[in-house]
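Using only what follows, build the 3D model:
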Amino acid sequence: MPKDDPTWAFARATIPLVEGWIAHLRTQDGTSGFGYVSTAAHLGTNPELAKTAFETFATLLIGRDAHDLDGILAELEQRMTGQMSVKAGIDCALHELKARMVNVPLWRLFGEQFRSSVPVIRTMAIKSPVEMAAQAQRLVDDGYTYLKIKIHGEVDDDLACVRAIREQVGESVHLTVDANQSYTPANAIKALNKMADLGVELAEQPVSVDDCVGLKRVTDSVPIIVEADEGANSLDAVRHLVSNRIVNAISLKIPQLGGLRNTMAAAKICEAAGIQYRMGGAVGPRLLTAQGMHLCATFSSLGYACEFGEFVRLLDDPTAGIEIKDGVMTLPSGIGSGICVPSVDGEVGVRT
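As a prediction, the model looks like this:
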């Protein structure tokens, strides 16, 4: 899926397109379940490696009882090391499949519904201050009141971008920043204290995931929320981050954590520790976003706006069924995730 802006850049790379696979599982009676397998390099995979890993495990699914989610996912965890995005695609497809088999919306598999909509935060790529201010204004004009500013670890440059955006959009718009690990702890503390004066509310992964000591120092030294993103890449990592109070918040991403089941478990870990959490920006098709929204609907608490708008900037999305209106994502209706899926093996796409 090409991005609408081929020069879209963040601190670690310029990424003109997003690649992945649609995982399709089907029962004997013809019921289908779909999931998205992201092949982003930072998730430790690539298109061919992900396809091979999926197909290897898929052979073990043949003949299994599709209702036995616990058994299948336990075997998946045992047999597949790493490959979190592949696990996530299988996990999401299995949950979608079960929801369709029992004729319920996806959220019902995870508990009580606490919300039917959430505010959406949109992400702005690294550009000049003037360009980013103009980009911010376009998003505000489209109804968004939460913006995430990509920065790259150069204090003066980053401050100039944040200041330009704040001056452009005014005081009522919520601003966050994401350095994608590009700061040293000292520079993060310097930059974030100044950004706090500009009304920045949250900073995502300011320092390296390998520097938990430095990350905690940043958290303890700035007046804004410090959130783990890349560092929250497994349940063990989430436990470590929250039990040691290394951050104030956790960004939960389905492909990074290995699926809906693990993402819900991570949310429970955060709740037990009194750490704020929300759904982070998993870049992919509407299918992935809708499944994330169903899970989010069952979270008993939600710390901040969720990054459910990433599909908007992708072209050629093969799935359909959700849109953002006035900066808000509404829970899709219908059984499963409520998404229209692509045709597979000659089938007509089904509106779930």
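
When you work out contacts or count neighbours from here on, use the C-alpha atoms and nothing else.
Noted.

now the strands for this structure?
For the chain, applying DSSP state E gives strands covering 9-10, 13-14, 20-26, 32-38, 117-119, 121-124, 146-150, 174-178, 200-204, 225-228, 249-252, 276-279, 324-325, 328-330.

Select from those the stretch with the lowest mean pLDDT.
Looking at the strands of the chain, the lowest mean pLDDT belongs to strand 13-14 (a mean of 80).

strands paired with that one, and their directions?
strand 9-10 (antiparallel) (DSSP bridges).

Assess the claim that residue 124 and residue 146 are in contact.
No: taking CA atoms under 8 Å as the definition, residue 124 is not a contact partner of residue 146, at 10.9 Å.

pretty sure residue 182 is touching residue 11, no?
Yes: contact criterion CA under 8 Å: residue 182 and residue 11 qualify, at 6.6 Å.

which residues are common contacts for these two?
152-153 (CA atoms under 8 Å, 6 or more residues apart in numbering).

What's the end-to-end length of stretch 195-206?
13 Å (CA to CA, to the nearest Å).

Quick check: buried residues in it?
Applying a neighbour-count criterion of 16 or more other CA atoms under 10 Å, one finds 195-196, 198-206 buried in stretch 195-206.

which two in these are spaced the farthest apart?
Farthest-apart pair in these is 198 and 205; separation 19.0 Å (CA to CA).

now the helices for the stretch 1-150 of the chain?
Using DSSP state H, counting those that start in this stretch, the helices found in the stretch 1-150 of the chain span residues 47-61, 69-79, 84-101, 129-141.

Compute the inter-axis angle for the second one and helix 84-101.
What that stands for is helix 69-79. Relative orientation of helix 69-79 and helix 84-101, computed by axes from the mean of the first three to the mean of the last three CA atoms, to 10 degrees: 170 degrees.

can you give me how far helix 69-79 is from the chain middle?
Relative to its parent chain, helix 69-79 has a centroid offset of 23 Å by CA atoms, centre = their mean, to the nearest Å.

Residue numbering should commence at 13 henceforth.
Will do, 13 is the new start, and the previous item becomes helix 81-91.

Tell me which other helices or strands it touches.
Judged by 3 or more CA pairs under 8 Å, 6 or more residues apart in numbering; DSSP states H and E, helix 81-91 is in contact with helix 96-113.

check contacts around the closest residue to residue 335 other than its chain neighbours.
Closest residue in space to residue 335, ignoring its immediate chain neighbours: residue 341 at 7.1 Å, by CA to CA, 6 or more residues apart in numbering. Listed by CA under 8 Å, 6+ apart, the contact set of residue 341 reads 129-132, 305, 320, 335.

do the same with residue 119
Contacts of residue 119 (CA under 8 Å, 6+ apart): 125, 306-307, 309-310.
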